[in-house]
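Trainee: from the sequence below, what's the structure:
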Amino acid sequence: MSLQQADFIQIINVYRKVIAKVLCRLELSFSTAELKKMALSDAVATSFFGTCVAGKFKSLLSDMRIALSLGEVPQSPRIETRDQQLRMFYKISPNFELEIRPVSILFVGIDNWHRVHRVEIIGIHGNGADRL
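Mentor: Modelled structure (predicted):
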């Protein structure tokens, strides 16, 4: 293979990776309008959590938005099964956690949850009680 061919192949491979990252981001949906408002508005999140926890909440959502799949979210979730569906819980602070559910037409289990590209944000739990 010539140097030009090798360069061309390398360029194509980089292009494919860039396109994959642009087109295949983790897709987020929200179970309630309140959760969506909180995710979109710093003021709403701050009034609910306070400044410090709101920042951590927004940071977690940012990590999710740039990930290609759940496996790329830096934080590892606590995983439970509810009503035969996998649920993940991400710590926002010592008192709050975000509950999400993988959305897939295929079976999502303990072995393949990290490959999921779509999730629904179910709620925020804190101090032993549902908050949203």
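
Trainee: in the longest strand seen in the chain, what counts as buried?
Mentor: The longest strand of the chain (DSSP state E) is strand 118-126. Under the neighbour-count criterion of 16 or more other C-beta atoms under 10 Å, strand 118-126 has V119, I121, I122, G123, I124, H125, G126 buried. No exception for glycine: its C-beta is placed from N, CA and C like everyone else's.

Trainee: between the residues you listed, which sits nearest A6?
Mentor: V119 (39.2 Å; C-beta to C-beta).

Trainee: tell me what the closest one is bridged to.
Mentor: With DSSP bridges as the criterion, the beta-bridge partners of V119 are L28, P102.

Trainee: hang on, the earlier thing: which of the buried residues of strand 118-126 has the weakest pLDDT?
Mentor: Note: of the buried residues of strand 118-126, the lowest pLDDT belongs to G126, at 84.

Trainee: name the residues linked to that residue by a beta bridge.
Mentor: Under DSSP bridges, the beta-bridge partners of G126 are F96, A129.

Trainee: which residues touch it?
Mentor: Going by C-beta atoms under 8 Å, 6 or more residues apart in numbering, G126 touches N95, F96, E97.

Trainee: quick one on the thing from earlier: which pair in the buried residues of strand 118-126 spans the largest distance?
Mentor: Between any two of those (C-beta to C-beta), the greatest distance is 19.8 Å, for V119 and G126.

Trainee: against T46, how distant is H114?
Mentor: Going from H114 to T46 by C-beta to C-beta, to the nearest Å gives 31 Å.

Trainee: contact partners for the residue sitting nearest the centre point of the chain?
Mentor: In the chain, the residue lying closest to the centroid (C-alpha atoms, centre = their mean) is M64, at 3.2 Å. By C-beta under 8 Å, 6+ apart, the contact list for M64 reads L26, L28, V73, V119.
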